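In: here are the coordinates; sequence isn't available:
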């Protein structure tokens, strides 16, 4: 029973750190973007439109556009994971007082975050114009 108390105290200590909340916020932003793009994507699904399960009125997409959007979401997920990895590496370098490497990891993390958000924003703009 002591292990449960120790693990709970470690959890509380971890939640007091700003780094934990920064990672939770980044995951929340990426999850929100993925959810909003996914909800638009479900409006364009042919089977769901045929069964009258969606409220969206979207034009039918060609195979090229579908493949392009699928690859875009794969790249979005990869860049989101890269962003989280670079942030973790930044925190480790900062803890070890390796300032040059920490700064480089921070710049790469910001760059990957911009790429991920740009991919999701482009998909949202595309779906917003494609659907009524």
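Out: Yep, it's here. Treat the numbers as computed from the prediction; the structure is a model and nothing was measured.
In: any weak-confidence spans in this structure?
Out: For the chain, the stretches with pLDDT under 70 are 45-58, 132.
In: the helices in it, which residues?
Out: Taking DSSP state H as the criterion, the chain carries its helices at 2-15, 18-43, 46-50, 63-95, 99-130.
In: so what secondary structure elements neighbour the longest one?
Out: Going back to what we said before, that points to helix 63-95. The contact analysis (3 or more Cβ pairs under 8 Å, 6 or more residues apart in numbering; DSSP states H and E) places helix 63-95 against helix 18-43, helix 99-130. In short, each C-beta sits where N, CA and C put it, glycine included.
In: and stretch 14-30, which residues are buried?
Out: Applying a neighbour-count criterion of 16 or more other Cβ atoms under 10 Å, one finds 26, 29-30 buried in stretch 14-30.
In: Then stretch 91-107?
Out: Within stretch 91-107, judged by 16+ other Cβ under 10 Å, the buried ones are 91, 93-94, 102, 105-106.
In: before we move on, what about stretch 117-132?
Out: For stretch 117-132, the neighbour count (16+ other Cβ under 10 Å) marks 117, 119-120, 123, 126-127, 130 as buried.
In: Need the max-distance pair from these.
Out: 117 and 130 (19.9 Å; Cβ to Cβ).
In: how many other residues sit next to residue 37?
Out: The tally of other residues near residue 37 (other Cβ atoms under 10 Å) stands at 22.
In: still on that earlier bit, so can I have CSV of the helices and strands packed on helix 63-95 showing distance to residue 83?
Out: Output for the helices and strands packed on helix 63-95, formatted as CSV (distance: least, Cβ to Cβ, whole Å):
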stretch, distance to residue 83
helix 18-43, 7
helix 99-130, 4
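In: how close does the closest residue to residue 86 other than its chain neighbours get to residue 19?
Out: With sequence-adjacent residues excluded and distances taken as Cβ to Cβ, 6 or more residues apart in numbering, residue 86 is closest to residue 109, at 3.4 Å. Computed as Cβ to Cβ, to the nearest Å, the residue 109 to residue 19 distance reads 13 Å.
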